[in-house]
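J.: Provide a 3D model corresponding to the input given below.
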Amino acid sequence: MTPVNETPIDAEEGEPGVAAPAELHYFGVRHHGPGCARSLLRALESLRPDCVLIEGPPEADGLVADVLAADMQPPVALLTHGVDEPGRAVYHPFAEFSPEWQALRWAASAGATVRFIDLPVAMGLALEKQTETEAESESESESDAAETAAEAAAAAAAAAAAAQAEDPKGDTEPAKDPAAQTQPAATPDPDRREDPLDWLARAAGYADGEAWWNHMVEERGDGEQLFAAIEEAMLAVRSELPDDDRLSPQRLHREALREAHMRQCIRAARKEGFQRIAIICGAWHLGGLKAEVTVKADQTLLKGLAKLKVTSTWVPWTYRHLAWQSGYGAGIQSPGWYEHLWRSSLDPRSRAIGWLARVARLMRDRDLDCSSAHLIEAARLADTLAALRQRPAPGLEELHEATRTVMTLGDDAVLGFIRDALIIGDRLGQVPASVPKVPLQKDLEQFQKSLRLKPEATQKTLDLDLRQPNDLARSHLLHRLSLLGVSWGELARVGRSSRGTFHEVWTLQWEPGFAVRLIEASRYGQTVAAAATAVVAERCGAATALADLAELVDQVLLADLPQAVAVAAQALQDHAAVTGDANQLMTALPPLANVFRYGNVRQTDATLVGQVFDGLVVRAAIGLPLVGRSIDDAAAEQLRQELLAAHAAIRLRDPGRQEEPARQWQRAIRHLAASGGVHELLQGVATRLMLDDGVLAADEAAQALSLHLSSGAEPLKAAAWLDGFLNRNAVVLLHHDGVWPLVDQWLAELSEEHFVRVLPLVRRTFSAFEAGERRDLGARAARKGPCAGQPVAAIWDESRAVRPLPLLRQLLGVTP
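T.: Now for the predicted structure:
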């Protein structure tokens, strides 16, 4: 039987030596340990306590009954957050194999009183806020002190210079820099470890505390006597490694507060008359809870602590976030392995074979070779490794090494997905619908149910056909959540664009932290649509750049928020009215043009956006000829990219250039190409755009090419113009008879000095061509002569050409 603390934790003042009738039974556990959980259940069944005290948030006492709900499936977490500041939140995760979880379920089913006894989260968050405030004040003070010191140093330097000028011999001793006299910080002791278990592990010959604890505790089933051994070990280590040697002062103070509050809760339970009290806490706290500390000392320590208003609820959790790699302080390395230990037989041989069978099943599911012979040899190797290491049975380390050697042949890629799928695991918990939730969460859950979008911890690819109503509604929901900062889905890139006309591919992965973001966003509205609309209005008020507002309009259109579209479009118009910068105006055009790419597939009314777009085009056209003057090469390259993107957006809006804004833009492009003082790269780009649009005749383009590549032109400027004209593709060189001889003649007439100077720029231009284009250019240079023969009149049967049009309209989602 677990030892009973026969001596009271302490006596009330005025009653020294009076023993309370209650029996205190301490169970030091490791959070999320299956061996501890199994042994704890045996101990509780034997002891049958009437009161169970568990290290956890007291604010969640009212949620304990939910652990027995049929639809409560761990891993889950208690989320406690500030009411006024939802961003201040604390999670307390539980897995199926967590000792605390099993204690909660046992107490709830046995009818025993169960309470959480850790320091209230309300106090912890208040302390955190106070620490942040003090750190900000100290930072401001240090900044002011640094400014004062700098001013003093400058004054001292000036005085020393004046003294030196008066005393040429320099007898005045220069002022010493206080920073130069600062002693270097002491080097930390390399033997000092953050995890006390590492000390026991090194003494036993293990590499780290995790491996030692696994083999000695979690992979065994020693029952009640296990806790006596854990207590003895932890008390010994704590006496040799006090907290003040390894923790910061702030952390040390917080730990003292936690243990003081837990002692007070134990005293309160004894006063209520419980006969058998089970205290379940982290093993390291055993020394603090059993220490001889008076009531007055604990009351003094806890007196006057500030509190924040908080609330608690259950939220789903994942094994990935239970792992220590996620940053969770009490995390474990292998949640999936611990689940296997909890669910599998206590027979070590059966447990090892079961694990290897799961590895084999996973490999076969991925079409990887794994036969029965592989399993047999891997099991033999694991047994041999355990025997060589003088261990009673193979553990995870031996099984993993056997898997690497026999089953995967050292393939790190295969070992990687075995680690992710089995050792860590991809399980996502579930909580009952009855747990407290904000209306925004309930609205999202309703959408998830109606749209058949189940949250999953693993990455999942979702291919949406926007012509289908359900897929279109899914797209709207994912875009609305993105506006709220809940990045459940990320829009994947398909081909050369992140969006097709009626096709979206999303990568979905649910994160437990989204629960806090939804709570934070609930202040904007009670539904996803209302909250997203309010967020857009707030972002519009804070935005200062036209490009940001244009991108926001695009996001709102994709999210199907009509009210938000009106707000964002008006904000964009207001900013554009006072902006004369053509660069900003051009960068705002591509995001707005996306609505015209989708057409009627998204069932979006683009009228309002079209009016805003046309106004931006007119303003950009007015300022375009001026922005290309007196700029360097880097600025010209940046402006080239913006010009091409804006031109493509305008063509998307008005392909036939029938509207007045498009015609004004064409006039601006022509002016840019012909204006003196404009950077040659931009002149070349403008000429090429006019040629591609059919605005500039072929003979006019050849004339412009001849002018800019003439022998009188400065070679570097000519090369820059050619770079812009070719526009990083070789189509015009391959298929325009007039361009090839002019370029050829210009290169042939360059002197050796000029050729060396322009060679890097020309090589950069040609290096942007596709491999096939460069191959065709080589063939064209070897062939000589014109690019093609005489044009042949096309034979065109219009009646046959219109036959596929109905099918094309259906595929593209375009109405006649």
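J.: all contacts plus neighbour counts: C-alpha atoms, from now on.
T.: Fine.
J.: Figure out the helix or strand that Trp510 lives in.
T.: Using DSSP states H and E, Trp510 falls within no helix or strand.
J.: how close does it get to Pro74?
T.: The gap separating Trp510 from Pro74 is 16 Å, by CA to CA, to the nearest Å.
J.: Please apply the same query to Leu451.
T.: Relative to Pro74, Leu451 is positioned 25 Å away (CA to CA).
J.: So those two - more neighbours on which side?
T.: Neighbour totals were compared for Leu451 and Pro74, and Pro74 leads with 24 against 14 (other CA atoms under 10 Å).
J.: confidence score at that one?
T.: Predicted confidence (pLDDT) for Pro74: 93.
J.: Same check on the one 3 residues further on?
T.: As summarised for this prediction, Ala77 has a pLDDT of 92.
J.: Which residues are in contact with it?
T.: With contact set as CA atoms under 8 Å, 6 or more residues apart in numbering, Ala77 has these partners: Tyr91, His92, Pro93, Phe94, Trp314, Val315, Pro316, Trp317.
J.: Just to be sure, which of those are found in strands?
T.: Tyr91, His92, Pro93, Phe94, Trp314, Val315, Pro316 (DSSP state E).
J.: Contacts only, for the second one.
T.: Residues touching His92, when contacts are defined by CA under 8 Å, 6+ apart, comprise Gly56, Pro57, Ala77, Leu78, Leu79.
J.: let's go with 10 Å and repeat that
T.: By CA atoms under 10 Å, 6 or more residues apart in numbering, the contact set of His92 is Gly56, Pro57, Val76, Ala77, Leu78, Leu79, Thr80, Trp314, Val315, Trp317, Tyr328, Ala330.
J.: Based on its surroundings, how many neighbours for Lys271?
T.: Close neighbours of Lys271, defined as other CA under 10 Å, add up to 12.
J.: Report the separation between it and Glu23.
T.: Distance from Lys271 to Glu23, counting by CA to CA: 12 Å.
J.: now Ala421
T.: Separation of Ala421 from Glu23 (CA to CA) stands at 44 Å.
J.: Quick one: mean pLDDT over stretch 701-716.
T.: Stretch 701-716 carries an average pLDDT of 74.
J.: typed the wrong thing, it's stretch 80-90
T.: Across stretch 80-90, the average pLDDT comes to 87.
J.: go on, stretch 567-582?
T.: The pLDDT scores in stretch 567-582 average 82.
J.: Any buried residues in it, and which?
T.: Neighbour-count burial for stretch 567-582 flags Val567, Ala568, Ala569, Gln570, Ala571, Leu572, Gln573, His575, Ala576, Thr579, Asp581, Ala582 (criterion: 16 or more other CA atoms under 10 Å).
J.: about what we covered before: JSON lines please, covering the ones in strands among the contacts of Ala77 and showing distance to His261.
T.: As requested, the ones in strands among the contacts of Ala77 are arranged in JSON lines below (distance: CA to CA, whole Å):
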{"residue": "Tyr91", "distance to His261": "19"}
{"residue": "His92", "distance to His261": "18"}
{"residue": "Pro93", "distance to His261": "21"}
{"residue": "Phe94", "distance to His261": "22"}
{"residue": "Trp314", "distance to His261": "23"}
{"residue": "Val315", "distance to His261": "26"}
{"residue": "Pro316", "distance to His261": "28"}
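J.: just those residues now: which is nearest Val64?
T.: Of all the ones in strands among the contacts of Ala77, Trp314 has the smallest distance to Val64: 9.9 Å, by CA to CA.
J.: Where does the closest residue to the closest one other than its chain neighbours sit: helix, strand or coil?
T.: Nearest residue to Trp314 in three dimensions, chain neighbours excluded: Leu78, at 4.8 Å (CA to CA, 6 or more residues apart in numbering). The three-state label given to Leu78 by DSSP: H, G, I helix; E, B strand; the rest coil is strand.
J.: Would you agree Leu78 is in contact with Val90?
T.: Yes: between Leu78 and Val90 a contact is recorded at 8.1 Å, counting by CA atoms under 10 Å.
J.: any residues in contact with both of the two?
T.: Residues within reach of Leu78 and of Val90 at once, by CA under 10 Å, 6+ apart, are Pro57, Ser312.
J.: So which residues of the stretch 551-700 of the chain form helices?
T.: Assigned by DSSP state H, counting those that start in this stretch, the helices in the stretch 551-700 of the chain fall at 562-577, 582-587, 589-598, 607-627, 633-653, 660-674, 680-693, 698-708.
J.: I meant the stretch 151-300 of the chain, not that one.
T.: 197-204, 209-213, 225-240, 249-271, 286-289, 295-302.
J.: next one: the last one to chain centre, how far?
T.: The chain centroid and the centroid of helix 295-302 are separated by 42 Å, computed with CA atoms, centre = their mean, to the nearest Å.
J.: Use 183 as the first number for this chain going forward.
T.: Sure, I'll start numbering at 183, so the last one becomes helix 477-484.
J.: Just the buried residues of it, please?
T.: For helix 477-484, burial by neighbour count (16+ other CA under 10 Å) applies to Val477, Asp480, Leu484.
J.: dump the residue contacts of the second one.
T.: Under the criterion of CA under 10 Å, 6+ apart, the contact partners of Asp480 comprise Ala438, Leu439, Glu441, Ala442, His443, Met444, Arg445, Gln446.
J.: And those residues, which is closest to Gly470?
T.: Nearest to Gly470 among those, counting by CA to CA, is Glu441 at 6.1 Å.
J.: And the pLDDT at that closest one?
T.: Per-residue pLDDT puts Glu441 at 94.
J.: Surely it is in contact with His467?
T.: Yes: using CA under 10 Å, Glu441 and His467 qualify as a contacting pair, with a distance of 7.2 Å.
J.: any shared contact partners between these two?
T.: The overlap between the contact sets of Glu441 and His467 (CA under 10 Å, 6+ apart) consists of Glu237, Ala473.
J.: ranges for the strands of the stretch 533-682 of the chain?
T.: Ranges of strands in the stretch 533-682 of the chain, per DSSP state E, counting those that start in this stretch, are 642-647, 671-673.
J.: May I ask which helix or strand of the chain has the lowest mean pLDDT?
T.: Within the chain, no helix or strand scores below helix 303-348, which has a mean of 66 by mean pLDDT, DSSP states H and E.
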